[in-house]
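S.K.: here is the input, now give the coordinates:
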Amino acid sequence: MLAQWKHGILYPRWGALAHFAYGEPRFVFYPPASWTLGGTIGRIFPWTIVSPVYIWIVLVLAGISMFVLARRWLNQRDAIFAAVLYAVNPYHLVIVYWRSAFAELLASCLVPLLVLLVSKAVNGDRHVVVPLGLLLAAAWLTNAPAAVMIHYSLALLIVFFAWKNKSPKLLLIAAGAVALGACLSAFYLLPAIYEQRWIDIANAVSAGSRPSDNFLFIHTTDPDHDAFNRIVSWLAVLEVVVILAAAIAGKLWRDARREVWKALSVWALACSILMLPMSALFWKVLPKLQFMQFPWRWLLCMSMIFTLFVTVGLRRWWQRGAVCALSLVVILVGWRFVQAPWWDTAADLREMQDNMATSAGYEGTDEYTPIGADPSAIDKDARKVTVVGPAHAAIDVLHWDAESKVFTAQMSASDLVALRLFRYPAWRALVNGREVETTAREGTGQMLVPVSAGMNRVELRFGRTWDRTAGGWISVVTAVSTLTLVLFSARRSRASALGPQTSRLRSEV
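M.R.: Below you'll find the model as predicted:
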């Protein structure tokens, strides 16, 4: 990431060191927020402390977002408790210590704000479409599975309140926000959707990553997989039981805000059902739900509900302390007796760091592998450019970075040269200034470039495909239009407010 920034690539698309330097279009499909934040931190701090700094920044942001929501309904002391509890809730600890899913952790900052904006929409705030659209765009740019969860959660909450309040207008507000969020994030979203045809996206839901392999208390043939599943399953049970106990102890059905607690209860029930095998049909038929992979990811939403119910329903501090202590017990027992939080050793991390420093590369991601490529068949020690056929060649590599590669090949006869690079449609090859059609080597999928006898100057560029261009323009036009509309609306509101004051001053004069 930092290496690409140093080469002037502000928004990387190609992960050059993946699959041991054969590459993958990782950054086309992985949302930019988390790796941009991580790269920025890496420019300021030594890499040995980038992860801790990232985690602390995100947990603080998560606490702030919860405080903003809780302060709407609670006093300052309770809002501070809710913020702290949400920041270090059990599922966040699992993300930090077991999963290192930093993009999903960052998405947790958005969940309380979703509830806040839905609440404002229900209360008649007609200006909520833009901030809600911005939040949905932020979700797409942070973590795709979390964005799916947030959109389905928005649909559930809006339908609930539209039905309770007999207000179809809420449906229009949500639809407008969804469209706005999609357009604002189109520079990422459109390429990520369109270019799925160029990668082996089906591996995202292969064995071990399918929803059917990750329901609560499920059993598979992988002991380590099942051990982690037990930890997260008992964590889900803990949160469901505490939510029920808090609702009963606090008699939330009698509270002045009981409609809010009913909505959150319905949301919690939906999350609970979707984590169980009985919901398998939903995972098959609901759009894009299967690409969440892990049903227990709904704990991202459950943890927000858990935090609010503990804060509102358990008013005594000893009750809150008991919940916190029980949560820590579940985490520590899982840590000690079920599965250790981290399985890589210091030597593994040093090897990865050395491989990146020497450009040897690292293992890639199956679902981002270009179609036709086979990472298991590649030669990890291959040179950057080799001749395929019998021709003799003198090859000189002039430039070789993530999205630009230049070399010369003095050939004794026409032939093909094989690159240490997987073929992907966005790559464009020029031989002596003329664009040529590349092919993929059978068995490995590495790029083959035709060259003729004599001197050949070969240039490869990771080009801007039409979907990237269209997505960028959609985002720019939407952002400018939205900003213009907001400024015009604010100006008209100020004019309307000043009108009565001017009339009153004139009457006094």
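S.K.: quick one, helices of the stretch 51-200 of the chain?
M.R.: Ranges of helices within the stretch 51-200 of the chain are 76-87, 90-94, 102-107, 111-122, 129-140, 144-165, 169-184, 186-194, based on DSSP state H, counting those that start in this stretch.
S.K.: the first one packs against which elements?
M.R.: In this structure, helix 76-87 packs against helix 50-70, helix 299-313, helix 317-333, with contacts taken as 3 or more CB pairs under 8 Å, 6 or more residues apart in numbering; DSSP states H and E. Heads up, the C-betas are built off the backbone N, CA and C, glycines and all.
S.K.: following the chain onward from the last one, which element is next?
M.R.: Secondary structure here is assigned by DSSP states H and E; on that basis, the next helix or strand after helix 317-333 toward the C-terminus is helix 346-357.
S.K.: mind listing what's buried along that following helix?
M.R.: Asn355 (16 or more other CB atoms under 10 Å).
S.K.: and the next helix or strand after it, which strands flank it?
M.R.: Counting by DSSP H and E, the next helix or strand C-terminal to helix 346-357 is strand 385-387. Here strand 385-387 is paired, per DSSP bridges, with strand 415-422 (antiparallel).
S.K.: average pLDDT for the partner strand?
M.R.: On average, the pLDDT along strand 415-422 is 96.
S.K.: domains in the chain, by residue range?
M.R.: 124-191+466-509, 379-462 (automatic domain parsing).
S.K.: nearest to Leu93, out of the ones you listed?
M.R.: domain 124-191+466-509 (17.5 Å; CB to CB).
S.K.: which other helices and strands contact whichever strand or helix holds Val480?
M.R.: Assigned by DSSP H and E, Val480 belongs to helix 466-508. The contact analysis (3+ CB pairs under 8 Å, 6+ apart) places helix 466-508 against helix 129-140, helix 169-184, helix 186-194.
S.K.: format those as CSV; extra columns: mean pLDDT, mean neighbour count and distance to Thr36.
M.R.: As requested, those are arranged in CSV below (pLDDT from 0 to 100; neighbours: other CB atoms under 10 Å; distance: least, CB to CB, whole Å):
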stretch, mean pLDDT, mean neighbour count, distance to Thr36
helix 129-140, 97, 22, 12
helix 169-184, 96, 19, 16
helix 186-194, 96, 21, 11
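S.K.: the ones you listed: which one's closest to Asp255?
M.R.: Of all those, the one in closest proximity to Asp255, counting by CB to CB, is helix 169-184 (21.9 Å).
S.K.: starting at the chain centroid, how far to that closest one?
M.R.: Averaging C-alpha positions (CA atoms, centre = their mean, to the nearest Å) puts helix 169-184 20 Å from its chain's average.
S.K.: contact partners of it?
M.R.: By CB atoms under 8 Å, 6 or more residues apart in numbering, the surrounding residues in contact with helix 169-184 are 121-122, 128-130, 132-137, 139-140, 151, 154-155, 158-159, 161-162, 189, 474-475, 478-479, 482.
S.K.: need the CA coordinates for it. PDB is fine.
M.R.: Provided in PDB are the C-alpha atoms of helix 169-184 (Å, rounded to 0.1, in the frame of the first residue of the first chain):
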ATOM      1  CA  LYS A 169     -43.000   8.400   3.500                       C
ATOM      2  CA  LEU A 170     -40.300   6.600   5.500                       C
ATOM      3  CA  LEU A 171     -40.000   4.000   2.700                       C
ATOM      4  CA  LEU A 172     -39.300   6.800   0.200                       C
ATOM      5  CA  ILE A 173     -36.700   8.300   2.600                       C
ATOM      6  CA  ALA A 174     -34.900   5.000   2.900                       C
ATOM      7  CA  ALA A 175     -35.100   4.300  -0.900                       C
ATOM      8  CA  GLY A 176     -33.600   7.800  -1.600                       C
ATOM      9  CA  ALA A 177     -30.800   7.200   0.900                       C
ATOM     10  CA  VAL A 178     -30.000   3.800  -0.500                       C
ATOM     11  CA  ALA A 179     -29.800   5.300  -4.100                       C
ATOM     12  CA  LEU A 180     -27.700   8.200  -2.900                       C
ATOM     13  CA  GLY A 181     -25.300   5.900  -1.000                       C
ATOM     14  CA  ALA A 182     -24.800   3.700  -4.000                       C
ATOM     15  CA  CYS A 183     -24.100   6.600  -6.300                       C
ATOM     16  CA  LEU A 184     -21.700   8.300  -3.900                       C
END
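S.K.: low-confidence regions, the stretch 301-450 of the chain specifically.
M.R.: Along the stretch 301-450 of the chain, the model assigns pLDDT under 70 to residues 343-346.
S.K.: give me the sheet partners of whatever helix or strand Phe407 lives in and which way each runs.
M.R.: For Phe407, the host element (DSSP H and E) is strand 404-411. Strand 404-411 has its sheet partners listed here by DSSP bridges as strand 393-400 (antiparallel), strand 454-462 (antiparallel).
S.K.: using PDB, list the CA coordinates for it.
M.R.: Extracted C-alpha coordinates of strand 404-411, given in PDB (Å, rounded to 0.1, in the frame of the first residue of the first chain):
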ATOM      1  CA  SER A 404       3.400  -0.400 -14.600                       C
ATOM      2  CA  LYS A 405       6.000  -2.700 -16.000                       C
ATOM      3  CA  VAL A 406       8.600  -2.000 -18.800                       C
ATOM      4  CA  PHE A 407      11.200  -4.300 -20.200                       C
ATOM      5  CA  THR A 408      13.100  -4.900 -23.400                       C
ATOM      6  CA  ALA A 409      13.600  -8.200 -25.200                       C
ATOM      7  CA  GLN A 410      16.200  -8.700 -27.900                       C
ATOM      8  CA  MET A 411      14.800 -11.900 -29.600                       C
END
